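Undergrad: Pasted the sequence and its predicted model underneath.
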Amino acid sequence: MRPKTALPIGCGMLALLLLPAAVRGQQDEDIEMELFFAPAETVTSASRHDQPLSHSPSPVTVITREEIEASGARTLPEVLRLVPNMDVAQVKPMWYAVGMRGGTTEASDSLLLLVDGRDVTFEMLGAPLWTTQHFSLDEVERIEVIRGPGSALYGANAFAGVVHVFTRRPGRGQLADVSVRGGEHGELELAATSSFTLGPCSLLLSTGWMRRDLWTGRDSEAHDLLRGRLRSEMELWSGSLLTVEAGALMTSGRLHADVGEVDLHDSVDLFSRVRLEYQNLLVQASHERAYIDLDLGLDLYYPPLKIDLAEAPPIEGTTDKVGILAQYAFELPFNRLTVGVEYVFNAYHAEAFVQPDHREHRVGTFVQDELDLAELLNELAGTSLPPLLLTAGLRYDYNSKTRFELSPRAAVVFAPSNQHSLRLGYAHAFLKPTFFESSLHIKLNPRDVDIDELDVSNPVLDNQTIDSIDLGYQGKFFDESLELHLDFAYNWYRHSIGFSYDPEQMDYIEIGGVRIPNINGGGFGFTNNTDGTNGHTIDLQVVFRPHDDLRLFFTTGYRQIFWRDSGRFSSSEPVLHLAAGADLRLPSGLSLALRSFYTSRHVRTMGQPQSILDPMVRLEVPAYLLLNARLEWRLPAGPAQLRAGVEGFNLLGTRFRELPGFTQPDQPDFGGERLGRKVVFFLRGAL
């Protein structure tokens, strides 16, 4: 059954979820009104436990529930535009390219995406499917973004940073929540959540359906998604918490990846998770299985002679991902010592590959010590120093596909008062090669030339690495109505993986006296770049609350990457991000939110490929301005909460173009035409 036929079922589910929720609601509304845009005070992701934001050893941006709602965003990447130095570009109806701090926008594999502590990276592509998850934004309580390397705690792919999404827990918030949203370009979304108690268990049930028709012509596919999730929590004994969760998702559509334009046909994704927390012990196990049916859209074309060499066949198969995590924290005098071990198993099966079965084992062990130097000195010397915190950690990762990696980090945080803190830190992180970079050996459907398989794999690829030194400051002024976050980082990038060829080692195919490079011969594939790349980033965030019902914010991020050629800096890529907004709540129940986002970048190359040896073309957005306005009206309805409103989006300046891929960039740019303007209406009810 295709998702687009499931609308009547989805509507029935929405109505059903409202049945157990007719008791409480006004109390939750009163609490929410009091906490209108309250600042986040604690974070969890930076050290794997709750700690004050001012004591975090890593630069962290927290996006709260209220900020998500006010943003008007309906996808996770759209919310992440609020993060300084975050690159977000919508490429296709169901695909966003997301990067941060030194990765270009197509480097979506440089960020690790966690959902309630579960790694949701789609390992075959080496990146998260940002818009294809088992939750809607209505279920997200907060998002924590580590802006900088995070491999010392989280291992592979926490290269440029970590995005950690925390979803709503059972027994908290409204008993039921239903939303309907739709507007221009065929966008329609239904979502419902119900929380109730069944014996000793607290349960949360959510379901949703979404359809998007953003493009026409060449991109005729829409994005369909049908999902469901059940989460339960139970106290086994005093102080313990057992969480059991399962979900299913079915989707189809068109997405963009580094290998090309991908058509996704009725793919199903199932996951389950068990988590036990007791005092300082945490044990979690998860399993995810995806049934995939996709067409890579990988066409090998030789433009000078207008010859179609071959095309990649559709890929049908399964992927399995098993993750196990165990960690324990020792509470010692003056410090906290956290140790843990993590195991990840990945398996892929697809008949389109010459070797249909691939397996990967990853083991990571980590240790982290958090020492309160001021408390220690105060005890030994009788001083009265303000908090001075030292965090040091080390993680060892073994991967059956690549070499091992050691990821150290260290940070010192000095907090002379409750309103000010300084941070100095160092971190090392790595990005493992993707499946297509290290193991691509695929069967082909030949066209004009007898080529029956493609092998551009390089089994000896090293991990990409980054070393970063960062300096940060956090401060509160004017009775804490003004918040300031300022961060600077300098980064060293090594062993970046890219597609390259060596004409001297290449084999050729003779066609009518013309030599065409043999893609299965030597000198053709993915390699590590021996030249290093350096860069620096500056992040600034200012939040001002002059009144309880008014919030103003401004963020900026600037970075510049210096590219080396034969040991010398030959070029640079400066990128500037600006974001500003205002949120106002009126006594009449009206709320107004305004957002503006501006990005300006230097484009290094632009054009169309001249041969099969030059398939990757950089077509990034040199500059654009995105405006967003949202008007919401809260309607009195007794114990229920009703919200209705409208959202408007307007893209000004240079329109989006396609990002790199095995495609022809001279095709009509339907994406840029359709993204120029969008109006969406929404209605939401809660009990």
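TA: Arrived safely.

Undergrad: next structured bit after the helix or strand harbouring Ile146?
TA: Assigned by DSSP states H and E, Ile146 falls within strand 140-147. Going down the chain from strand 140-147, the next helix or strand is helix 151-154, by DSSP H and E.

Undergrad: Return the one helix or strand Tyr426 maps to as PDB; C-alpha atoms alone will do.
TA: Using DSSP H and E, Tyr426 falls within strand 420-431. Listed next in PDB are the C-alpha coordinates belonging to strand 420-431 (Å, rounded to 0.1, in the frame of the first residue of the first chain):
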ATOM      1  CA  HIS A 420      29.500  34.900  33.100                       C
ATOM      2  CA  SER A 421      31.700  31.900  32.000                       C
ATOM      3  CA  LEU A 422      34.700  31.400  29.800                       C
ATOM      4  CA  ARG A 423      35.700  28.200  28.000                       C
ATOM      5  CA  LEU A 424      38.900  27.000  26.300                       C
ATOM      6  CA  GLY A 425      38.800  23.600  24.600                       C
ATOM      7  CA  TYR A 426      40.500  21.200  22.200                       C
ATOM      8  CA  ALA A 427      38.900  18.200  20.400                       C
ATOM      9  CA  HIS A 428      39.700  15.700  17.700                       C
ATOM     10  CA  ALA A 429      37.000  13.900  15.600                       C
ATOM     11  CA  PHE A 430      36.800  11.700  12.600                       C
ATOM     12  CA  LEU A 431      34.500  10.900   9.700                       C
END
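
Undergrad: Centre of the chain to the helix or strand following that strand, how far?
TA: Sequence order places helix 435-439 as the next helix or strand after strand 420-431, per DSSP H and E. Distance, stretch centre to chain centre, for helix 435-439: 21 Å (Cα atoms, centre = their mean, to the nearest Å).

Undergrad: Buried residues, the next helix or strand after helix 435-439. List them.
TA: Per DSSP H and E, the first helix or strand lying C-terminal to helix 435-439 is strand 441-443. Within strand 441-443, the residues that count as buried by 16 or more other Cβ atoms under 10 Å are 442-443. (Each C-beta comes from the backbone N, C-alpha and C, glycine too.)

Undergrad: residues in contact with strand 441-443?
TA: For strand 441-443, the surrounding residues in contact (Cβ atoms under 8 Å, 6 or more residues apart in numbering) are 298, 312-313, 352-355, 452-455, 457.

Undergrad: So which of the residues you listed are in helices?
TA: Among the contacts of strand 441-443, no member is found in helices (DSSP state H).

Undergrad: quick one: pLDDT of the residue lying closest to Lys476 once chain neighbours are set aside?
TA: Nearest non-adjacent residue to Lys476, counting by Cβ to Cβ, 6 or more residues apart in numbering: Gln419, 4.2 Å away. The score at Gln419 is 90. That number is its pLDDT.

Undergrad: Next, find the distance separating Gln419 from Glu483.
TA: Per Cβ to Cβ, to the nearest Å, Gln419 is found 10 Å from Glu483.

Undergrad: Tell me the pLDDT of the spatially most central residue of the chain.
TA: Nearest to the mean C-alpha position of the chain, by Cα atoms, centre = their mean, lies Leu113 at 4.6 Å. Listed pLDDT for Leu113 reads 94.

Undergrad: so it touches Thr121, yeah?
TA: Yes - here Leu113 reaches Thr121: they are 6.6 Å apart, a contact under Cβ atoms under 8 Å.

Undergrad: intersection of neighbour lists for those two?
TA: Joint contacts of Leu113 and Thr121 (Cβ under 8 Å, 6+ apart) are Pro128.

Undergrad: who does the strand holding Ile146 pair up with?
TA: Partner strands for strand 140-147, per DSSP bridges, with pairing direction: strand 60-64 (antiparallel), strand 161-167 (antiparallel).

Undergrad: Let me know the average pLDDT across the first one.
TA: Strand 60-64 comes out with an average pLDDT of 94.

Undergrad: need the next SSE after it, C-terminal direction.
TA: Following strand 60-64 in sequence order, the next helix or strand is helix 65-71 (DSSP H and E).

Undergrad: So which residues make contact with that following helix?
TA: 32, 35-38, 78-79, 81-82, 137, 140-143, 583, 591, 593, 595, 628, 630.

Undergrad: So which of those belong to strands?
TA: Among those, the members falling in strands (DSSP state E) are 140-143, 583, 591, 593, 595, 628, 630.

Undergrad: before we move on, the earlier item: deepest of the strands paired with strand 140-147, which one?
TA: For the strands paired with strand 140-147, average neighbour numbers computed from mean count of other Cβ atoms under 10 Å are highest in strand 161-167, which has a mean of 25.
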